[in-house]
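J.: this one's structure only:
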């Protein structure tokens, strides 16, 4: 047993078998591990480059879409009296030629009714059925033993789906029930007690409520033409404009006009060129990192084609090239400020439409996509399943997984190789130890023989 332990530790032959096996295993494993480290590092660099290109494309598309959606690149309405009227542009509205005069003759109001003062919201009001009629539609309200109180009546009205809201308001140490409908004359309501209701409930409903305010429509005149609407928010009279009525004043006229964001358009166009070139640089760096990548070249071609793509149906100005954006020899975009100023002066609506395309029965996202929609389409197609960026990213993930799997196999093989070395050299050490013992014995015998002579 002692001899076996010594042999296994490399003491028998005098050779450091453990160190020898470790050095041989390291010599075999190290160059392979270095190769896999390099492959994994290169693979991760490719994945990061594609992820960065995707993030840059996403950011580019989202930023432009946000500018369009917030109305930053579209003409905005102006009003001469914003204390009485607020005007805002509807999405994709073109208001460059907006001119109108508005007279607010009456605001839309909701009918309100209130009860007399009652001692407590929890006191019984009587049981029975009540009918709440709104715009000719009847809603049944039932007061029974479980909800026989002012609170129960309010809750039943609120649960009726009638559009009338009931609230209990404290007043002078007592409470009253206040009912409020929706705005517009058509939303006027009545409350009546059905036959068989308790006298107390019938008295409360029949004579206990007073009308505080009648339901009325908004009445406005736009350029002398009168319109009635059930609310104070009106978006169907002046094309592209939403009106919010705040104050009625007969005989007072509010002028509507528009302001065009010329400076914002110029800044956005200049920023577009700058960010577009940054995105192209990102794609180029990704291609260099990956070593080609036809997918990224195809995406680059799609983005470059945006310069000449028809973004609106305007016959004269419908593309970025028409407003002074062009491609230089390196493929980067450059802007001709003089040409941009000229087209903004000659046809500002057409320039605005490139970023804020109009929408109506004829002009749609197909006929007039605008730059944001066109860029979104390229981005969405690229990151969709099977798209240029998405498929490239998947293939790189597969490559990384394959490298990791092959490394695991290499490590398994090298572990097995080291185990074989340990076994082989342990056997060799044992044999050398035996030979050494025999040598020592023979030397001793020879010495004895020599002394005897």
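T.: Yes, it's here. The structure displayed is predicted, hence computed values, not measured ones.
J.: so where's this protein shaky on pLDDT?
T.: In the predicted model, the chain carries pLDDT under 70 at residues 1-15, 292-293, 429, 452-453.
J.: so where's the longest strand in it?
T.: Among the segments of the chain that qualify as a strand by DSSP state E, the longest is strand 174-183.
J.: Report the angle between the helix or strand that comes right after that strand and strand 174-183.
T.: On the C-terminal side of strand 174-183, the closest following helix or strand by DSSP states H and E is strand 189-193. Per axes from the mean of the first three to the mean of the last three Cα atoms, to 10 degrees, the angle that strand 189-193 makes with strand 174-183 is 130 degrees.
J.: chain center to strand 189-193: distance?
T.: Taking Cα atoms, centre = their mean, to the nearest Å, one finds strand 189-193 lying 47 Å from the centre of the chain it belongs to.
J.: centroid residue for the chain?
T.: Nearest to the mean C-alpha position of the chain, by Cα atoms, centre = their mean, lies residue 62 at 8.5 Å.
J.: Quick check: the gap between residue 26 and residue 417.
T.: As judged by Cβ to Cβ, to the nearest Å, residue 26 and residue 417 stand 11 Å apart. Heads up, the C-betas are built off the backbone N, CA and C, glycines and all.
J.: For stretch 54-70, buried residues please.
T.: For stretch 54-70, burial by neighbour count (16 or more other Cβ atoms under 10 Å) applies to 54, 56-57, 60-61, 64-65, 67-68.
J.: quick one: contacts of it?
T.: Contact partners of stretch 54-70, identified using Cβ atoms under 8 Å, 6 or more residues apart in numbering, comprise 73-74, 91, 268, 272, 275-276, 278-279, 282, 299, 355-356, 370-372, 375-376, 378-379, 382-383, 389, 393.
J.: In contact with residue 403: list those residues for me.
T.: 36, 39-40, 43.
J.: out of everything not next to it in sequence, what's closest to it?
T.: Spatially, and ignoring its direct neighbours in sequence, residue 403 is nearest to residue 39 (4.9 Å; Cβ to Cβ, 6 or more residues apart in numbering).
J.: What distance do you get for the one you found to residue 46?
T.: From residue 39 to residue 46 the distance is 11 Å (Cβ to Cβ).
J.: ok, now residue 271?
T.: 30 Å.
J.: Who has more neighbours out of the two?
T.: residue 46 (21 against 13; other Cβ atoms under 10 Å).
J.: returning to that earlier point: filter the contacts of stretch 54-70 down to just the buried residues.
T.: 73-74, 268, 272, 275-276, 279, 282, 299, 355-356, 370-372, 375-376, 378-379, 382-383, 389, 393.
J.: Now for residue 117, how many residues are close by?
T.: Neighbours of residue 117 using other Cβ under 10 Å come to 12.
J.: can you pull up the bridge partners for the residue lying closest to it once chain neighbours are set aside?
T.: By the measure of Cβ to Cβ, 6+ apart, the closest residue to residue 117 outside its immediate chain neighbours is residue 174, 4.2 Å from it. Counting by DSSP bridges, residue 174 forms beta bridges with residue 171.
J.: For residue 174, give me its contacts.
T.: Applying Cβ under 8 Å, 6+ apart to residue 174 gives the contacts 117-120.
J.: now with 10 Å?
T.: By Cβ atoms under 10 Å, 6 or more residues apart in numbering, the contact list for residue 174 reads 116-121.
J.: what does residue 178 give?
T.: 112-115, 154, 165-169, 171, 209, 212.
J.: if I look at it, how far off is residue 139?
T.: 18 Å.
J.: Give the buried residues for stretch 26-44.
T.: Neighbour-count burial for stretch 26-44 [16+ other Cβ under 10 Å]: 29, 36, 39, 42-43.
J.: Count the residues that sit near residue 444.
T.: 10.
J.: name the element it belongs to?
T.: Using DSSP H and E, residue 444 sits in helix 388-452.
J.: Next, report how far stretch 325-345 is displaced from the centre of its chain.
T.: Worked out by Cα atoms, centre = their mean, stretch 325-345 lies 32 Å from the chain centre.
J.: Any buried residues in it, and which?
T.: Buried positions in stretch 325-345, judged by neighbour count with 16+ other Cβ under 10 Å: 325, 333, 335, 340, 343-344.
J.: want to throw those residues into CSV with distance to residue 255 and secondary structure?
T.: Formatted as CSV, the buried residues of stretch 325-345 follow (distance: Cβ to Cβ, whole Å; DSSP: H, G, I helix; E, B strand; the rest coil):
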residue, distance to residue 255, secondary structure
325, 37, strand
333, 41, strand
335, 36, strand
340, 31, helix
343, 29, helix
344, 25, helix
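J.: what's the most distant pair in the residues you listed?
T.: Farthest apart among the buried residues of stretch 325-345 by Cβ to Cβ are 333 and 344. That separation is 18.3 Å.
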